[in-house]
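K.L.:
The sequence isn't on hand, but the structure is:
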């Protein structure tokens, strides 16, 4: 039986051919017509990606002109170019002060822009990159949610404000480990239900019920420099303080600020700029405020866990199910940027394959996991050979090899000569999650290094000392019990084994240049 295919044009419409005779029309209507499934699926994905909440579906006034597989609505791809979203230039800064101007569409979300920057910076896209709304003149910053429109957020920012491109491993950590974010003494739900923290998250996401976050906070009085310690409770309608001790009766509750037309920010230097009593301040900032500090509702918690609990609860109450959808179902990448899918490679690179030469004859490695494992083993073998050659070629066995002392400087997790305070600041900025780490030069011992590690939202420092064995120099974290020829081997080992550390190394702090 002869089959017919339906050719597709680039704009997704079926190619029109001459109408068949009336006698053959009924026969063709009964006969199935196979189409290019991959092409149709790609067109459907493009239509779905281009449809956003800011542009609702428009009923098609001529549904009879639609093909059998086309919905009777007008999508953005079918609109004339004059009605397409206008583009705008946005400047994004990196942690090292470099910046890049990016042309974006009006409907581009924060996650879309992060994916574009990841691609152009040749980084690994692990869904932990974020866009930061930074207000240096106000001493405030916050991470944009993945679904927020960048152009819409920029319209509320002052000229001194800017966007930062930064890692945030704790962006959705509360969905994985809610115990670390919601202490039982601060949450009413945990005291009244046996459902645990999973049930707590479900009630945060539900619009019909709401757990109550409660506790004492330092609150700055509006228009004054003084701070007062008040009993505060967070409800779906906003943040309230009690005018009579710890009473939660409605007549004793006073509204501090709502979340509907506001955003929650972290205080960068609360003690210096606002005279905050602790370093764990946050703020409820109305979206209309640009430069004034009079309408900022400034608050301070006693510790980092308390501040994280309050800010996380505010995010959950404001965005609800949107956060869970961002966490579980990441939005698809823009079809308008096909380079997102794979980096640009030359013809010669595309012809490269992974090979195994361990046997008598070479073979092509088909399994990607096996290919990655082989690459790691080859890297370890290369470092061992290079170290051995440097040792044999050195003038004195007391001098460590040149390669083992500098090879770690090529790694993203090594941050050079930074202070302890700076390393702690970087860890806090990129998320207080278990296993987040960086390595730096020791300030007290010029021959040693320091591993800065986060565990249970606390930052700890471990000194890495050089040790000598049979004239060869090694590095060790445990007084020479476990020795490594270079820091890369040390990091690789503790990524697989906890050893003397409180947890394994999971995520490394990284700074990229835009």
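P.N.:
Structure received. Just so it is clear, the structure is predicted and the values come from calculations on it, not from any experiment.
K.L.:
how about the strands in the stretch 351-500 of the chain?
P.N.:
355-356, 363-364, 436-441, 449-455, 458-469, 472-476, 483-484 (DSSP state E, counting those that start in this stretch).
K.L.:
what about the strands in the stretch 51-200 of the chain?
P.N.:
Under DSSP E, counting those that start in this stretch, the stretch 51-200 of the chain gives strands at 58-59, 73-74, 87-93, 99-105, 129-135, 140-143, 162-167.
K.L.:
Could you report the neighbour count for residue 442?
P.N.:
Using other CB atoms under 10 Å, residue 442 has 16 neighbouring residues. Using the backbone N, CA and C atoms, a C-beta is placed for each residue, glycine as well.
K.L.:
where's it relative to residue 423, distance?
P.N.:
11 Å (CB to CB, to the nearest Å).
K.L.:
Same question for the helix or strand hosting residue 231: list its buried residues.
P.N.:
With secondary structure defined by DSSP states H and E, residue 231 is part of strand 227-235. For strand 227-235, the neighbour count (16 or more other CB atoms under 10 Å) marks 227, 230-235 as buried.
K.L.:
what mean pLDDT would you report for the helix or strand just after that strand?
P.N.:
Following strand 227-235 in sequence order, the next helix or strand is strand 238-242 (DSSP H and E). In this model, strand 238-242 carries a mean pLDDT of 93.
K.L.:
Contacts for the helix or strand just after strand 238-242, please.
P.N.:
For strand 238-242, the following helix or strand on the C-terminal side (DSSP H and E) is strand 253-257. Here strand 253-257 makes contact (CB atoms under 8 Å, 6 or more residues apart in numbering) with 219, 232-233, 237-243, 284, 286, 297, 299.
K.L.:
and what of stretch 322-329?
P.N.:
Outside stretch 322-329, the residues touching it (CB under 8 Å, 6+ apart) are 111, 145-147, 172, 175, 205, 315-316.
K.L.:
Which two of the residues you listed have the greatest separation?
P.N.:
Farthest-apart pair in these is 111 and 205; separation 19.5 Å (CB to CB).
K.L.:
And those two? Which one has more around it.
P.N.:
Taking neighbours as other CB under 10 Å, residue 111 and residue 205 compare with residue 111 leading, 23 against 18.
K.L.:
Local confidence estimate at residue 269?
P.N.:
89.
K.L.:
I'd like to know how far it sits from residue 423.
P.N.:
Counting by CB to CB, the gap from residue 269 to residue 423 is 18 Å.
K.L.:
Can you pick out the residue with more neighbours from those two?
P.N.:
residue 423 (21 against 12).
K.L.:
which residues does the closest residue to the more buried one other than its chain neighbours bridge with?
P.N.:
The shortest distance from residue 423 to any non-neighbouring residue, by CB to CB, 6 or more residues apart in numbering, is to residue 452 (4.5 Å). Per DSSP bridges, the residues bridged to residue 452 are residue 438, residue 461.
K.L.:
Near residue 452, how many other residues are there?
P.N.:
Neighbour tally, residue 452, other CB under 10 Å: 22.
K.L.:
List the contacts of it.
P.N.:
420, 423-424, 427, 437-440, 459-461.
K.L.:
gap between it and residue 115?
P.N.:
For residue 452, the distance to residue 115 - CB to CB - is 29 Å.
K.L.:
likewise residue 370?
P.N.:
29 Å.
K.L.:
So for those two, which sits in the more crowded spot?
P.N.:
More neighbours surround residue 115 than the other of residue 370 and residue 115, with 21 against 12 (other CB under 10 Å).
K.L.:
Between the buried residues of strand 227-235, which sits nearest residue 140?
P.N.:
Nearest member of the buried residues of strand 227-235 to residue 140, counting by CB to CB, is residue 227, at 17.1 Å.
K.L.:
wait, that closest one sits on residue 276?
P.N.:
Yes. At 7.1 Å, residue 227 counts as touching residue 276 under the criterion of CB atoms under 8 Å.
K.L.:
Might you list the low-confidence residue ranges for the stretch 1-150 of the chain?
P.N.:
1-85 (pLDDT under 70).
K.L.:
try 90 this time
P.N.:
Residues of the stretch 1-150 of the chain that meet the criterion pLDDT under 90 lie in 1-87, 95-97, 119-127.
K.L.:
measure residue 232 to residue 433 for me?
P.N.:
26 Å.
K.L.:
Residue 211 too?
P.N.:
23 Å.
K.L.:
Who has more neighbours out of those two?
P.N.:
For residue 211 versus residue 433, neighbours defined as other CB under 10 Å are more numerous around residue 211 (26 against 21).
K.L.:
so that one sits in a strand?
P.N.:
No. According to DSSP: H, G, I helix; E, B strand; the rest coil, residue 211 belongs to no strand; its state is coil.
K.L.:
so it sits right up against residue 178, yeah?
P.N.:
No. Under the criterion of CB under 8 Å, residue 211 is not in contact with residue 178, lying 11.1 Å apart.
K.L.:
residue contacts, the closest residue to residue 135 other than its chain neighbours?
P.N.:
Leaving aside its sequence neighbours, residue 135 sits nearest to residue 161 (CB to CB, 6+ apart; 4.7 Å). Counting by CB under 8 Å, 6+ apart, residue 161 makes contact with 133-137.
K.L.:
go on, residue 260?
P.N.:
With contact set as CB under 8 Å, 6+ apart, residue 260 has these partners: residue 318.
K.L.:
Which residue is the nearest non-sequential neighbour of residue 226?
P.N.:
Nearest one to residue 226, counting by CB to CB, 6+ apart, is residue 220 at 7.5 Å.
K.L.:
Quick check: the one you found touching residue 298?
P.N.:
Yes. Counting by CB under 8 Å, residue 298 is a contact partner of residue 220 at 4.0 Å.
K.L.:
Please enumerate the shared neighbours of the two.
P.N.:
By CB under 8 Å, 6+ apart, the residues touching both residue 220 and residue 298 are 274, 276.
K.L.:
Include distance to residue 480 and mean neighbour count when you put the strands of the stretch 51-200 of the chain into JSON lines, please.
P.N.:
Formatted as JSON lines, the strands of the stretch 51-200 of the chain follow (distance: least, CB to CB, whole Å; neighbours: other CB atoms under 10 Å):
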{"stretch": "strand 58-59", "distance to residue 480": "71", "mean neighbour count": "10"}
{"stretch": "strand 73-74", "distance to residue 480": "70", "mean neighbour count": "16"}
{"stretch": "strand 87-93", "distance to residue 480": "43", "mean neighbour count": "15"}
{"stretch": "strand 99-105", "distance to residue 480": "46", "mean neighbour count": "15"}
{"stretch": "strand 129-135", "distance to residue 480": "39", "mean neighbour count": "22"}
{"stretch": "strand 140-143", "distance to residue 480": "42", "mean neighbour count": "22"}
{"stretch": "strand 162-167", "distance to residue 480": "34", "mean neighbour count": "22"}
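K.L.:
now those in JSON lines, with distance to residue 261?
P.N.:
Formatted as JSON lines, the strands of the stretch 51-200 of the chain follow (distance: least, CB to CB, whole Å):
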{"stretch": "strand 58-59", "distance to residue 261": "28"}
{"stretch": "strand 73-74", "distance to residue 261": "31"}
{"stretch": "strand 87-93", "distance to residue 261": "23"}
{"stretch": "strand 99-105", "distance to residue 261": "24"}
{"stretch": "strand 129-135", "distance to residue 261": "16"}
{"stretch": "strand 140-143", "distance to residue 261": "15"}
{"stretch": "strand 162-167", "distance to residue 261": "21"}
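K.L.:
Would you mind measuring from the residue nearest to residue 135 to residue 285?
P.N.:
Distance from residue 161 to residue 285, by CB to CB: 11 Å.
K.L.:
ok, now residue 460?
P.N.:
Applying CB to CB to residue 460 and residue 285 gives a distance of 33 Å.
K.L.:
Which residues does stretch 140-152 contact?
P.N.:
Taking CB under 8 Å, 6+ apart as the rule, stretch 140-152 contacts 54, 88, 90, 104, 106-111, 113, 130-135, 153, 163-164, 168, 171, 263-268, 283, 285, 296, 315, 319, 322-323, 325-326, 330-331.
K.L.:
Going along the chain, name the helices of the stretch 201-350 of the chain.
P.N.:
270-274, 304-319, 321-328, 347-350 (DSSP state H, counting those that start in this stretch).
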